[in-house]
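J.: quick check, what structure comes out for this input:
(2 chains)
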Amino acid sequence: MSIPLADLVTILPELLVVFTACVLLVLDPITPASKKYFLAWMCFGTLVVCFFVTAAGMGEKTFAFGNMVVVDSYASFWKLLLYLVSGLTILLSIGYLKEEKIELAEFYGFIMLSLTGMMIMVSGTDLLVIYLGIELMSISLYIMAGFKRFEAKSIEASAKYFILGAFSSGILLYGISLLFGVAGSTNLAEISTAVTARGLNDPLVMISMMLLIVGFGFKVGAVPFHMWIPDVYQGAPTTATVFMAVASKAASFAAFLRVLLEGFGGVKPNWSGLILGMCVLTLILGNLVAIVQTNIKRMLAYSSIAHAGYALIGVVVAGWMGTEAGVASRGVSSIMLYLAIYSFMTMGAFAVVAILRRGGIEGEELDDFTGLAKRHKGAAFLMMLFMISLAGIPPTAGFIGKFYLLMAAVDAGLTWLAVLGLIFAAVSAFYYLRVVMVMYMREPSSDQELETHLALSPTATVVLACAVAGVVFLGIYPGPLVSVATSSAIPLP
Amino acid sequence: MTDMAVSSGGFPWITLVVFLPLVGVIAIVLAKEELAKWIGFAASSVVLLVSLPLWGLFNETTSAMQFVEKHQWIASPSINYAVGVDGISLPLVLLTTFLTPLCVLVSWTSIKTRIREFMISLLVMETATLGVFVSLDFVLFYIFWETMLIPMYLLIGVWGGENRVYAAIKFFLYTLAGSVLLLVAIIVIFFSSGENTFDILTLSQAAYSPTLQAWLFWAFFAAFAVKVPMFPFHTWLPDAHVEAPTAGSVILASVLLKMGTYGFLRFTLPMLPDATVTFTPIIVTLSVIAIIYGAYMAFAQSDLKKLIAYSSVSHMGFVTLGIFALNAQGIEGAILQMVNHGITTGGLFLCVGIIYERTHSREISDNSGLAKPMPCYATFLVIFALSSVGLPGMNSFVGEFLVLIGTFMWSKLAATLAALGVILAAAYILWMLQRVVYGVPAQHMLSKLHDMNPREIGLLLPLVGFVFWIGLYPKPLLDVMHASVENLIQQEVRVMTVETPGQDSLESYVLTDSSSFASGREALAR
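T.: The predicted model follows:
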């Protein structure tokens, strides 16, 4: 069996990324410890090339491998975001891994492998392909979570993530096999035809769809499938956490949306209610539990759950009955916009946590931020900016993201959901501002005052600069990103 | 659009005024810490100077927006950068640009730590508040409205008194929670107007169903009433005022509270006329309660700042009362009272700040008998206090008088009860004066009671000038707002006449009153 060249060209970025990962694993043993960062730059370079390749093909729609993979604007949008996030994670890791004394080049290799999985997820139009992508992404992440292998917490995170992740993958696979029974195929287009023919409230379709929703709900971290997030985010190395919180969440949402809209677009009433329930629970629980956290990484973990709740508002809109295609696609594009903005601000917040990590200081407890504004003005100011943005207060990007989601919700007639979302945005301001309060309104203790330096490598500076630029620029001038997101949303019937 | 807006004639006056403070911020970031307050003062003074031509070039004969600038900002949905002023916002813009340099001056020696950050917060605050008053696009308005929270949160929380963290977070959460519904209301209005625009003037022309108006009314109310603050949403105010540094208190009382009443004038009245007329009795009741309750609470305070804070609740009750009297006298009185309250309460807070710097106490018992050791200070304090009481010849008299006339035409009972507030104000203010100015000085404080220095006199003098100018000759200020207020009234009159068909007398009643009002105004001016 031969593979047509055209198909390979279509997935050129995926091939480049996975090839780099393999080369890296070969080069790693023969690279001296002091030169490991060369390998990081090699990965970064590959991502830059991929970025241009994908950006150049933006707007086209190409199927490959017998309609199992598609490269359309929707996939390209997510891929561009994923390159960006992966690139920034690599830059942030260079200094962080050194500080943590786990300077192993495999870490970059796993980022690349995980990224390959994500790219397959966003491009897959066949449930099995998507499933393969999810597994490649997840297995790499399990390992990254346990990368601080001398620390019990990190091992615990890895094991927990692995067990729960395997469980959810199993559920997902079970749903896929039931659907195969329904449609005789795992291709989304054929599933859509079969499901639509069976009509609403068909028991077999309902069960398989619920299993899929549970599986994806776990991956995006929606309540009640969120249990793994706080422990894993807290225990994993900070740069692995940020990669999970941003990249894996974005890719999972992308695949989730595609499966729901392209596979189950004909039976929207079957799932929109379920998603609505998940969305409301996620908003409430994520925000309320974040209030009581004293560890920043744990707090950001719950905040990432809450933000998944906001993104789910867009999914509800896309599937709400009686909404016109225009409104539904506004729901889709607002999720894309939201997650892009979310990536910048979460990246920034975790980057500040990462540069506070040095020597014996974790930089992860809220107390470690006490009086930061006196010790490190710049770091404190940036953290304040990211917190304000996460709370959705203008003129930062976080406001724009929320604004478009709420517009979509009101347009679909879900005004009460918009009100609920905003009420919990006000609740979230409480815990985000507590970080600001601790930094600006408390005096540093005497031994904290002695710490004068930050683990601020030049590459971490670049990451922070990118995050700030994103948060500020997208807050003030979101127009270009809005139009890109609008034009790359999945075309809806 | 041409009948509603007059372009700026090419020169972006408003943009310049709104964003010049940010230029100051950049300069402060780049310069040395020692220069921060000089740059802060220079920047805010330049803003004041640049804002003066707005007054000079303003055309009083039209109710249209002036100095309008409009540029597309986001294409879909259509959000514009649109700014402009009319007779309602112009006085508030000038009040803001006028008070900010004074806030810098009063902080000159009292702020000792993180001066750079303090000045930055103050200037960002100025940009945000000016932006609120000039925005002609609803989303732009909301962005400025919310942006204001952050610098104010920092002003209270970083440079405030002992209980500052609690006060700061309380202020933040109260106002944020209030604004939440406003954002949803903005989006709902966008979709239900069918105009596909956030343009405030266009949205004001559109008609909304009475049921929708009722919902929107309460959504707007939540945001604006917290800011004013109206009873029973006022509990953040005493905490915030007491804990904030002097400059923060002045900004809070003089400018920030006006954002709420401005919101009522700019959005609630023109966009939701039916709901406004329907719910007026409730608002009037709350206003009267605020007037009396605020005054009553002020009686009980032994802390000077708390006393002024509660008097603010009472005075702002007059403003909301005037607005919802829905006639020219009431509304013009309310706008005038907004400016007056800014000047008078600003002056009083500056006075408290000046004495606090000396005695480090805000308690009346620690600060009594100041007439002898500090005669100059006592004079200023008495002037502002009497202005707050509403003594004829001083600014508040004119405003409160107009509000009471307006209310009287709406409801005699409400006017009578509100007048009771004036009497209570006289009582608590005079009692405070008696103790602070004429009491026996506390012995341990005597050595600290040195009189005001030229800087302090210099910053209070202009305020005294305004107290008497508005008190004796308010005509220029009233003329500026007249056309815009008249335009606003027309909208409400239309509703009132539609709602009560057959009662032709109602329209003539309001109109006659506003024409007879003109002669009354001239009589006042004389």
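J.: return the helix or strand in chain B with minimum mean pLDDT.
T.: Here the helix or strand of chain B ranked lowest by mean pLDDT, DSSP states H and E is helix B:504-525, holding a mean of 44.
J.: how about the residue of the stretch 251-400 of chain A found nearest chain B: what's its closest non-neighbour residue?
T.: Nearest residue of the stretch 251-400 of chain A to chain B (CB to the nearest CB) works out as residue A:394 at 4.0 Å. Heads up, the C-betas are built off the backbone N, CA and C, glycines and all. With sequence-adjacent residues excluded and distances taken as CB to CB, 6 or more residues apart in numbering or on different chains, residue A:394 is closest to residue B:143, at 4.0 Å.
J.: ok, now residue A:240?
T.: Nearest residue to residue A:240 in three dimensions, chain neighbours excluded: residue A:144, at 4.0 Å (CB to CB, 6+ apart).
J.: okay, now that neighbour: neighbour count?
T.: 27 (other CB atoms under 10 Å in any protein chain shown).
J.: average pLDDT for the one helix or strand residue B:176 maps to?
T.: Secondary structure from DSSP states H and E places residue B:176 in helix B:164-193. Helix B:164-193 shows a mean pLDDT of 89.
J.: so is that helix next to chain A?
T.: Yes - if you take CB under 8 Å from any CB of the partner chain as the test, helix B:164-193 does meet chain A, through B:164-165, B:168-169, B:172-173, B:176-177, B:180-181, B:183-184, B:187-188, B:190-191.
J.: now tell me what touches stretch B:284-297 from outside.
T.: Residues from elsewhere that reach stretch B:284-297 (CB atoms under 8 Å, 6 or more residues apart in numbering or on different chains): B:225, B:230-232, B:234, B:310-318, B:320-321, B:324-325, B:407, B:410-411, B:414, B:417-418, B:420-421, B:424-425, B:428.
J.: derive a ChimeraX selection command for the buried subset of those residues.
T.: Here is the ChimeraX selection string for the buried members of the contacts of stretch B:284-297, based on 16 or more other CB atoms under 10 Å in any protein chain shown:
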select /B:225,230,231,234,310,311,312,313,314,315,316,317,318,320,321,324,325,407,410,411,414,417,418,421,424,425,428
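J.: distance between the helix or strand where residue A:113 lies and the chain's centre?
T.: If you go by DSSP H and E, residue A:113 is part of helix A:106-123. The chain centroid and the centroid of helix A:106-123 are separated by 13 Å under CA atoms, centre = their mean, to the nearest Å.
J.: cool, stretch B:343-359 as well?
T.: How far stretch B:343-359 lies from its chain's middle: 18 Å, per CA atoms, centre = their mean.
J.: give the buried residues for the longest helix along chain B.
T.: If you go by DSSP state H, chain B has its longest helix at helix B:328-359. Neighbour counts using 16+ other CB under 10 Å place B:328-356, B:358-359 of helix B:328-359 among the buried residues.
J.: and stretch A:404-412, anywhere near chain B?
T.: Yes - using CB under 8 Å from any CB, we find that stretch A:404-412 touches chain B at A:406, A:407, A:410, A:411.
J.: what sits up against that stretch?
T.: Identification of contacts with stretch A:404-412 by CB under 8 Å, 6+ apart yields A:310-311, A:313-314, A:316-317, A:320, A:323, A:327-328, A:330-331, A:333-335, A:337-338, A:415, A:417-418, A:421-422, A:482, B:77, B:183-184, B:187-188, B:190-191.
J.: so which of the residues you listed sit within helices?
T.: Of the contacts of stretch A:404-412, the ones assigned to helices by DSSP H are A:310-311, A:313-314, A:316-317, A:327-328, A:330-331, A:333-335, A:337-338, A:415, A:417-418, A:421-422, A:482, B:183-184, B:187-188, B:190-191.
J.: buried subset of those?
T.: Buried subset of the ones in helices among the contacts of stretch A:404-412 (neighbour count, 16+ other CB under 10 Å): A:310-311, A:313-314, A:316-317, A:327-328, A:330-331, A:333-335, A:337-338, A:415, A:417-418, A:421-422, A:482, B:183-184, B:187-188, B:190.
J.: how about the strands in chain A?
T.: With DSSP state E as the criterion, chain A has strands at A:62-64, A:69-71.
J.: tabulate those strands (a markdown table), appending mean neighbour count.
T.: Output for these, formatted as a markdown table (neighbours: other CB atoms under 10 Å in any protein chain shown):
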| stretch | mean neighbour count |
| --- | --- |
| strand A:62-64 | 17 |
| strand A:69-71 | 24 |
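J.: weakest of those by average pLDDT?
T.: Sorting these by mean pLDDT places strand A:62-64 lowest, at a mean of 88.
J.: paired strands for that strand, with orientation please.
T.: Strands that pair with strand A:62-64, judged by DSSP bridges, come out as strand A:69-71 (antiparallel).
J.: mind listing residues that contact the strand it pairs with?
T.: Contacts of strand A:69-71 (CB under 8 Å, 6+ apart): A:7, A:10-11, A:57, A:60-64, A:120, A:123-126, A:129.
J.: what's the answer for stretch A:48-68, then?
T.: Stretch A:48-68 is contacted by residues A:3, A:6-7, A:10-13, A:16-17, A:69-73, A:76-77, A:79-80, A:83-84, A:87, A:124-126, A:128-129, A:187, A:189, A:487-488 when judged by CB under 8 Å, 6+ apart.
J.: export stretch A:37-50 as PDB, just CAs?
T.: As requested, the backbone C-alpha atoms of stretch A:37-50 are provided in PDB (Å, rounded to 0.1, in the frame of the first residue of the first chain):
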ATOM      1  CA  TYR A  37      19.400  24.300  25.000                       C
ATOM      2  CA  PHE A  38      20.500  23.900  21.300                       C
ATOM      3  CA  LEU A  39      17.900  21.200  21.000                       C
ATOM      4  CA  ALA A  40      15.200  23.500  22.400                       C
ATOM      5  CA  TRP A  41      16.100  26.000  19.800                       C
ATOM      6  CA  MET A  42      15.900  23.300  17.100                       C
ATOM      7  CA  CYS A  43      12.300  22.600  18.200                       C
ATOM      8  CA  PHE A  44      11.500  26.300  18.300                       C
ATOM      9  CA  GLY A  45      12.900  26.700  14.700                       C
ATOM     10  CA  THR A  46      10.700  23.900  13.500                       C
ATOM     11  CA  LEU A  47       7.700  25.600  15.000                       C
ATOM     12  CA  VAL A  48       8.500  28.800  13.200                       C
ATOM     13  CA  VAL A  49       8.700  27.000   9.900                       C
ATOM     14  CA  CYS A  50       5.400  25.200  10.600                       C
END
